[in-house]
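J.: let me see the structure of the following:
(chains A and B)
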Amino acid sequence: MKYVKIVEQIVKGSISQQDLFENPESLLSQMGYEKEEIMELLDILNNVKKEASKILTKTEIFNERSVLYCSVGF
Amino acid sequence: MRVLLIRPPREFNSYKIYSESLALGYIASVLRADEIETDILDAFIEDLSVEKVVEKILTGRYSLIGLTIPDPTYLLPAIDIVKKVKKEAPNIHITMGGYTPTFDYKKIFSIVPELDSISRFEGEIIMLNLAKAIEKKNNWQEINGLVYFNGKNLVVNPPMLLIENLDKLPFPSRDYLNYLKKSIPEKTIVYIQRGRGCYGKCTYCGVPKFYPDTKGKRLRFRTNDNLVSELEEIAIKYNFREFFFVDDVFIGPAKAHKKMALDLANKISNRRLNIIFSISERVDNLDKEVICRLKESGLVQVFIGAESASQRVLNRIKKGIKIKQIEDTIVMLSEAGLDIEVSFINFLPDNTLEDIEKNVNFFSKFGLDILRSLINRLKPYPGTEIYKILKKNDNLIDEFPYYKYNRNTVDERVDRLYNIVSLGLSTYNIVSYKLKELKRLLRKKLLESKLNPNIYRINNETRNIIYNLQCKITKEASSIFREALIFVKNHNSSLNDVNFARELYNFVYKQSKVWLERILFLLEILKKTGIQYEICQNC
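T.: Okay, the predicted model is just below:
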């Protein structure tokens, strides 16, 4: 349930994205997380930040109406 | 005599979800049923280069090569393959098939006259006849459905009759399912087909034209027993339980179709297959009773092509539906607790700013994931009515194998708006892909929780949390789009458009990063936790 609690709070706005990403340690501690849990969540947060930047720079931007895709024909 | 069926590499990929090519699977199973040795090479799945594909063709084992081109992104690599193979082994017969070659065959032959033939429309019987003719060294030039270059002219044979009874086809070969299961099970969806064809008349769509008026019926369905047997075989043999029905019309318009769909839902439930599946359907065929029964049997997502929230536009593109039907369907599907994928073509050649404004108001109202639709501009495909009209009016730009229309015909401000938002809002595309991935993971978790009720922990808020997030992103994107719309309305000159687009881009880039972090975080957390699906109260 430790993961669920934090997700709910982020999306419902009880904690802000900015707070979580900028000052996560004290925030998580205030939320009652144990030290080990905090370390685990910090790890996830750091990876996510790196991954988001990587995706934004690398992903090819491609926009196409796909209704004409036809897998039936040869 | 051995046949090699190939899905070429793609020129570029956007959001890579892995699924086998049903087209190749069906052809392979038909050939194999006639004891013709057949291999499948899926360069898309295996991430193979053109050179690797050529190497495989040139092993000396193959007399007939079939290249499937489901959309134009596969065409240039396929042409490259043909040219390279023909230089080394001119006697291997190479044919192409699929939507793009079916309608753009003249252009393809003008670029690659070395190609032996193109197989138009449904390919199974054509390929069977072609393989037999090559094996027996008979004349293949008479085979219906083929187009070829005879050295002077293009010869277009009459189309092959459609296969009336789809139950007569063997189940498609699934050569790559074990490979996918081993290498990337989390990114695999099993494509499956309930029927073929569409009776619609939408001017932008080529699907109805793919099933020409020969003697066969345009809209055909397999029997439910036949279909459920295939679902069961895949679920048991390969342990894949997530399916995507590729049909453009899954249920159908008539009362008899509805009855058949209800029977299908019962049959899936009765066999206790524990599967989940997604379908596409016109809004006027979606009925609450059928949807609720299908949901009980595993339906989790419905794709609807709404295309516009302006009745004037819907009439013009011959969509054959009313705005009210779209709205009622979205409400009905939401109440049923189903994921909704909706598509709009926000930029059509004669859309006005008012039409576009109606679309954006619609997006905000329902909070759907429309990030890609916001900057969706019609790509006219050969074979469609709209392509012919644009060509006739000299409003078509040919960048083979891609085509686009040149200008908006009623208001140049719409083109300015497109130029601004296609740059300014482009990073929302990436957010949309990741949001789709998140929703897909949620669906998988639902299935896991169904299969292992004792293992997965309860969190019936999860689905709502993700949908609240989607709603927030949609509202933000719609509001930024509206700013661009107002900018274009208030500025008669395009002088400042580029600067404004850059400003938007910078802002949206930052926002996209924020949303992406949030989505990726949810993805990671969801991977580690379990959920319980909220049972639909209305069903």
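J.: so what pLDDT did B:Leu396 get?
T.: pLDDT for B:Leu396: 96.
J.: just checking, it touches B:Tyr403?
T.: Yes: counting by CB atoms under 8 Å, B:Tyr403 is a contact partner of B:Leu396 at 6.0 Å. Where C-beta positions appear, they are placed from N, C-alpha and C, glycine not excepted.
J.: overlap of the contact sets of those two?
T.: The contact sets of B:Leu396 and B:Tyr403 overlap at B:Pro380, B:Tyr387 (CB atoms under 8 Å, 6 or more residues apart in numbering or on different chains).
J.: next, count neighbours for the residue of the stretch 51-200 of chain B found nearest chain A.
T.: Minimum separation of the stretch 51-200 of chain B from chain A (CB to the nearest CB) falls at B:Gly123, amounting to 2.2 Å. Other residues near B:Gly123 come to 28 when the count uses other CB atoms under 10 Å in any protein chain shown.
J.: just checking, it touches B:Ala23?
T.: Yes: under the criterion of CB under 8 Å, B:Gly123 lies in contact with B:Ala23, with a separation of 6.7 Å.
J.: got a list of what residue 31 touches?
T.: Reading this off chain A. A:Lys5, A:Ile6, A:Gln9, A:Ile15.
J.: meant chain B, my bad for not saying
T.: For B:Leu31, the contact set (CB under 8 Å, 6+ apart) comprises B:Val3, B:Thr38, B:Met127, B:Leu128, B:Ala131.
J.: how about B:Phe500?
T.: Contact analysis of B:Phe500 by CB under 8 Å, 6+ apart lists B:Ile420, B:Gly424, B:Ala484, B:Phe487.
J.: the helix or strand the third one falls within packs against which elements?
T.: If I follow you right, that is B:Ala484. Here B:Ala484, judged by DSSP states H and E, is contained in helix B:462-490. Counting contacts by 3 or more CB pairs under 8 Å, 6 or more residues apart in numbering or on different chains; DSSP states H and E, helix B:462-490 is packed against helix A:2-12, helix B:353-366, helix B:371-374, helix B:412-424, helix B:428-451, helix B:497-528.
J.: shaky segments in the chain?
T.: Went with chain A since none was named. Within chain A, the stretches with pLDDT under 70 are A:1-2, A:4, A:7-8, A:10-13, A:16-18, A:58-74.
J.: I was after chain B.
T.: Flagging of chain B using pLDDT under 70 yields the residue ranges B:13-16, B:213-217, B:452-462, B:529-539.
J.: so in it, which strand runs the longest?
T.: In chain B, with assignment by DSSP state E, the single longest strand is strand B:299-307.
J.: which residues touch it?
T.: Contacts with strand B:299-307, where a contact means CB under 8 Å, 6+ apart, come from A:67, B:202, B:204, B:276-283, B:286, B:291, B:313-314, B:317, B:319, B:326, B:329-330, B:333, B:338-345, B:439, B:443, B:446.
J.: what angle separates the helix holding B:Ala484 from helix B:428-451?
T.: Here helix B:462-490 points in a direction 160 degrees away from that of helix B:428-451 (axes from the mean of the first three to the mean of the last three CA atoms, to 10 degrees).
J.: how far does helix B:462-490 sit from its chain's centre?
T.: Offset of helix B:462-490 from its chain centre (CA atoms, centre = their mean, to the nearest Å): 25 Å.
J.: how about it: buried residues?
T.: Of the residues in helix B:462-490, B:462-463, B:465-467, B:469-470, B:473-474, B:476-478, B:480-481, B:483-485, B:487-488 count as buried by neighbour count, 16 or more other CB atoms under 10 Å in any protein chain shown.
J.: cool, stretch B:33-50 as well?
T.: Buried residues in stretch B:33-50 (16+ other CB under 10 Å): B:Ile36, B:Thr38, B:Ile40, B:Leu41, B:Asp42, B:Ala43, B:Phe44, B:Ile45, B:Leu48, B:Val50.
J.: just flag the most distant two among the contacts of B:Phe500.
T.: Across the contacts of B:Phe500, the longest distance by CB to CB is 10.0 Å; it joins B:Gly424 and B:Phe487.
J.: find the nearest non-adjacent residue to B:Ile410, please.
T.: Ile isn't right for residue B:410; it's Val. Closest residue to B:Val410 apart from its sequence neighbours, by CB to CB, 6 or more residues apart in numbering or on different chains: B:Asp350 at 5.0 Å.
J.: please tell me how far the most centrally placed residue in chain B sits from chain A.
T.: Centroid-nearest residue in chain B, with CA atoms, centre = their mean: B:Val246, separated by 7.4 Å. For B:Val246, the distance to chain A equals 5 Å [CB to the nearest CB, to the nearest Å].
J.: do the same with B:Leu520
T.: Relative to chain A, B:Leu520 is positioned 4 Å away (CB to the nearest CB).
J.: hang on, isn't that residue packed against B:Glu437?
T.: No: using CB under 8 Å as the test, B:Leu520 is too far from B:Glu437 to be in contact (9.3 Å).
J.: in the stretch 201-350 of chain B, which spans are helices?
T.: Remark: helices assigned in the stretch 201-350 of chain B by DSSP state H, counting those that start in this stretch are B:207-210, B:224-237, B:255-270, B:288-297, B:311-316, B:323-335.
J.: just the CA trace of the longest one, in PDB.
T.: Right, the one you point to is helix B:255-270. C-alpha atoms of helix B:255-270 as PDB (Å, rounded to 0.1, in the frame of the first residue of the first chain):
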ATOM      1  CA  LYS B 255     -30.500  -6.700 -35.400                       C
ATOM      2  CA  ALA B 256     -29.000 -10.000 -36.500                       C
ATOM      3  CA  HIS B 257     -25.500  -8.600 -35.900                       C
ATOM      4  CA  LYS B 258     -26.400  -7.500 -32.400                       C
ATOM      5  CA  LYS B 259     -27.800 -11.000 -31.700                       C
ATOM      6  CA  MET B 260     -24.600 -12.500 -33.000                       C
ATOM      7  CA  ALA B 261     -22.500 -10.200 -30.800                       C
ATOM      8  CA  LEU B 262     -24.500 -11.200 -27.700                       C
ATOM      9  CA  ASP B 263     -24.000 -14.800 -28.500                       C
ATOM     10  CA  LEU B 264     -20.300 -14.200 -28.900                       C
ATOM     11  CA  ALA B 265     -20.100 -12.600 -25.500                       C
ATOM     12  CA  ASN B 266     -21.900 -15.600 -24.000                       C
ATOM     13  CA  LYS B 267     -19.600 -18.100 -25.700                       C
ATOM     14  CA  ILE B 268     -16.500 -16.300 -24.500                       C
ATOM     15  CA  SER B 269     -17.900 -16.200 -20.900                       C
ATOM     16  CA  ASN B 270     -19.100 -19.800 -21.000                       C
END
